[in-house]
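> Okay, predicted coordinates and the sequence, questions at the end:
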Amino acid sequence: MNILIVGGGIGGLTCAFSLERAGHAVTLVERAPQFSPVGAGIVLAPNARSILQWLGVPLERYGERVTALDVVDAAGKRLQRMDPSRLKARYGEPWAFARPALHEALCEALPARVSLRLGVNLRGLRVEKDAVYATFEGATAEERYDVVVGADGLRSSVREHVVGPVEYRYSGMTCYRGLIPNPGLERAIEAWGGPARIGMVPLAHGQLYYYLVLSAPRRAPALTLLELQAACAHIRGEVTQLWAALKEQPPLHHDLEELDAPVWGVERVLLLGDAAHAMTPNQGQGAAMAIEDALALTSALEPGVEGALGRYVTLRHARVRAVQLDSRRLGQLAHLDNAALGFVRDNLLRLLPQRMADAQYERLVQPGLSLLPQ
């Protein structure tokens, strides 16, 4: 098939790998005139990492193993530890990357047979029974494709062309992120402090990914560095190393918005990643779901275009919806601003048996691994 992918992020690039590997002719268009280093950090759980490695993306020199993730309370006392080594033999380990480094790994490994076009803006789509016709800004002629994949993010133009406007759901939280030199942290850590969270993840090459999540009104003005520090002043312990290492305003700030429910597209125009199911990042599974989508979408097209949308929805909807809702609930749990409820939550987490924590982790990653050919 002749397939157009709109959007050159992690999901779009992974989809190009997967579809090209299946023998399709793939054109990938990206509106940015060039790929440039943007973004902060990302953790790929084994479901996502294993798929990329199966597709031939060399990850080792770009990332760092996540040896442990501690969730701590505002006083710095551990609530729960995620220890990947316990399940390493079955699922492998999560890896952490600077987003620009992961994007570079994908771009460098992109098969030469994929036609990559940068600086291209989609202007319109015309869906017919036997084909999809795309037009781009600056061009008058339509281009004919058998299938179009919308991998163009939360505010997807492909989605708007085929299903119309959608409502965005605001999580009640806003996020500040960036990369700094690692002050010496050896494991990932996230501190929960009512209306604020601080996360820190060691990366390769002496970098540290940090994020600050605050409960805030939608579209509230960005806080200064001093205001951020004041908003998190009640959080103590190891994560306070961040303030000595952070010399300037976090470069990235955005409200955490999501789609209320997944939207998968129409026949011949399939949506992937944030375009289909943008979710809060509370489980670190947003990019992972896009990576899984790429394999599922390829599988759905294997018998042909007819019925592909239905097959794709069958493969993805229940899985994605469960992760989306669990991420939503986890964010609400982490940001409890009631002292009594927070006390109960903290004690329940401390008492949670390790086998139950391991089972939760297995339920998160195993469905994605099942997409890989056996």
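Cool, got the structure.
> CA only for contacts and neighbour counts going forward, please
Noted.
> quick one: strands adjacent to the helix or strand hosting Tyr209?
Assignment of secondary structure by DSSP states H and E places Tyr209 within strand 207-215. Note on strand 207-215: by DSSP bridges, its sheet partners are strand 168-181 (antiparallel), strand 196-202 (antiparallel).
> got a markdown table for the ones you listed, with distance to Leu52 too?
Putting those into a markdown table (distance: least, Cα to Cα, whole Å) gives the following:
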| stretch | distance to Leu52 |
| --- | --- |
| strand 168-181 | 23 |
| strand 196-202 | 21 |
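> Most tightly packed of these?
With neighbours taken as mean count of other Cα atoms under 10 Å, the strands paired with strand 207-215 reach their highest mean count in strand 196-202, at a mean of 25.
> what comes into contact with that one?
The contact list for strand 196-202 (Cα atoms under 8 Å, 6 or more residues apart in numbering) reads 64, 66, 96, 182, 185-192, 208-215, 231-232, 239, 334-335.
> how many other residues sit next to Ala188?
Applying other Cα atoms under 10 Å, we find 22 residues neighbouring Ala188.
> nope, Ser36 is what I was after
Look at Ser36: counted by other Cα under 10 Å, it has 10 neighbours.
> Same check on Pro281?
Residue neighbour count, defined by other Cα under 10 Å, stands at 18 for Pro281.
> just to revisit the earlier point, I'd like to know which of the strands paired with strand 207-215 is closest to Leu309.
strand 168-181 (23.1 Å; Cα to Cα).
> before we move on, back to that, following element in sequence after the strand holding Tyr209, please.
Next along the chain after strand 207-215, taking DSSP H and E as the criterion, comes helix 225-231.
> Past that next one, which element shows up next along the chain?
In the C-terminal direction, the helix or strand that comes right after helix 225-231 (DSSP H and E) is helix 241-245.
> Buried residues, that following helix. List them.
Within helix 241-245, the residues that qualify as buried are Leu242, counting by 16 or more other Cα atoms under 10 Å.
> quick one: low-confidence parts of this structure?
The chain contains residues with pLDDT under 70 at 37, 87, 89.
> quick one, helices of it?
All helices of the chain, identified by DSSP state H, fall at 10-21, 46-54, 88-91, 99-109, 157-163, 225-231, 241-245, 274-277, 286-301, 308-334, 339-351, 354-369.
> Can you name every helix or strand that the fifth one contacts?
Contacts of helix 157-163 with other secondary structure elements, assessed using 3 or more Cα pairs under 8 Å, 6 or more residues apart in numbering; DSSP states H and E, are made with strand 122-127, strand 265-266, strand 269-271.
> The strand holding Tyr209 to helix 308-334, inter-axis angle?
Angle of strand 207-215 versus helix 308-334, following axes from the mean of the first three to the mean of the last three Cα atoms, to 10 degrees, is 80 degrees.
> can I get the CA coordinates of strand 207-215 in CSV?
Output in CSV follows, covering the C-alpha atoms of strand 207-215 (Å, rounded to 0.1, in the frame of the first residue of the first chain):
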residue,chain,number,x,y,z
GLN,A,207,22.2,14.6,32.5
LEU,A,208,19.2,14.7,34.8
TYR,A,209,15.6,15.0,33.6
TYR,A,210,13.4,16.9,36.1
TYR,A,211,9.7,17.7,36.2
LEU,A,212,7.6,19.8,38.5
VAL,A,213,3.8,19.2,38.5
LEU,A,214,1.6,21.7,40.2
SER,A,215,-2.2,21.9,40.8
